[in-house]
Each structure stands twice: as C-alpha cells, then as structure tokens.
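**Student:** Take this sequence and fold it.
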Amino acid sequence: MKWKTSTTVFVVTAFIAAIIVAWHWLDFPSAVSTPAAADVIVYKDPNCGCCNKWVEHLREHGFNVTAQNDVRVDKIKAARGVPPALGACHTAIVQGYVVEGHVPADTIKRLLRERPAIKGIAVAGMPAGSPGMEGPYHESYNVMSFDASGQTEIYERH
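**Tutor:** Residues are numbered from 1 along each chain as shown. The predicted model follows:
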C-alpha cells in the first residue's frame, strides 16, 4: 500500500508540474490577456499625412484598420461625443469605444483588455513623438478618458 500511495503522489505532482511548465512555455497568460486583432474604423481627412501614419501604426500592432476619408470629421466627433477640448485630426471606433487622435496601439489594447465603463480615450492635438507624429522631438502627453457626460481624467501618461 505504501508503494502505491508514493507512486500516486509522484504521478500527480509530476502531472501538475507538467501543466505549469506547459502553461508558461505556451505563454497562455498573455494569450488570455491580449485581445484578438480588433477591427478599427478610422475617420480622417484624406489630405492628412499623420493620420495615414497612425493607421499604419495600428496595422503594425495587429489591428484590422479600415480608413474612411471624410472631410467632415468634426461632425463625426460631435456625434460620437468627443469633448471639444480633446479633439484631434482623426476619430476611430473600436469595439464600441471612441479613440480620438494619436493614441498608442498599446493603450488601445489596454482599453480593450480592461473594458472600462467610459465612452473613449483621446490624445488632444498632435503631440510630437506620438504615434503618427514621430520625428526628432518628443513631448510629454496624456491619454485622456472621457465618459458620456464629457467628464475626463488621465488614463495614461506618455
């Protein structure tokens, strides 16, 4: 009887260890926490070069982007509830959230992973060094969250 108990404990322990090793080796934790490629619709002015660069930034980070050229982007912003103070040159929609301006792809992934009860996130203006605005200079900027009533708060600092 003692031999069977020792063998059973060994087999169960080895099995659990194998599961733990496989879990980490196959990188299941990040697979579970990282959303699949999301579809993004970007409304932008057809003549804006930085908008095109931001679209490419999203694609390089695994997003499926459809760019809609529209010179009436302000009307889209208003219809989607973007606070005027957070306006930028393009507006995107991803899984029901509004993404305004030069928001980094990793921040959008965080938004989709956490699913906060907000309307969207925004980078106001066109800060140097933000995605789509790369160059020799980099200025600090905030990604702001906003809700349906227009209340804002800092979501992330860059």
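
**Student:** mind listing the helices for the chain?
**Tutor:** With DSSP state H, the ranges of helices along the chain come out as 2-25, 28-33, 49-60, 73-80, 105-114.

**Student:** Quickly, which of these bottoms out on average pLDDT?
**Tutor:** Lowest mean pLDDT within these: helix 28-33, a mean of 42.

**Student:** Where does the record place the domain boundaries for the chain?
**Tutor:** 1-33, 34-157 (automatic domain parsing).

**Student:** what's the neighbour count on E139?
**Tutor:** 11 (other Cβ atoms under 10 Å). Quick note: C-beta positions are derived from backbone N, CA and C, even for glycine.

**Student:** Now for it: which residues touch it?
**Tutor:** Remark: with contacts taken as Cβ atoms under 8 Å, 6 or more residues apart in numbering, E139 is in contact with 127-129.

**Student:** redo that, cut-off 10 Å
**Tutor:** Contacts for E139 (Cβ atoms under 10 Å, 6 or more residues apart in numbering) come out as 125, 127-130, 133, 158.

**Student:** now swap in V99 and tell me
**Tutor:** 40-42, 54, 58, 80, 82, 88, 90-93, 105, 107-108, 111, 120-123, 143.

**Student:** try 6 Å this time
**Tutor:** With contact taken as Cβ atoms under 6 Å, 6 or more residues apart in numbering, V99 is in contact with 92, 108, 121.

**Student:** which residue is nearest the middle of the protein?
**Tutor:** I108 (1.3 Å; Cα atoms, centre = their mean).

**Student:** Contact partners for that one?
**Tutor:** So I108 contacts V99 (Cβ under 6 Å, 6+ apart).

**Student:** Now with 7 Å, please.
**Tutor:** Counting by Cβ atoms under 7 Å, 6 or more residues apart in numbering, I108 touches 94, 99.

**Student:** For G125, see how far away it is.
**Tutor:** 18 Å (Cβ to Cβ, to the nearest Å).
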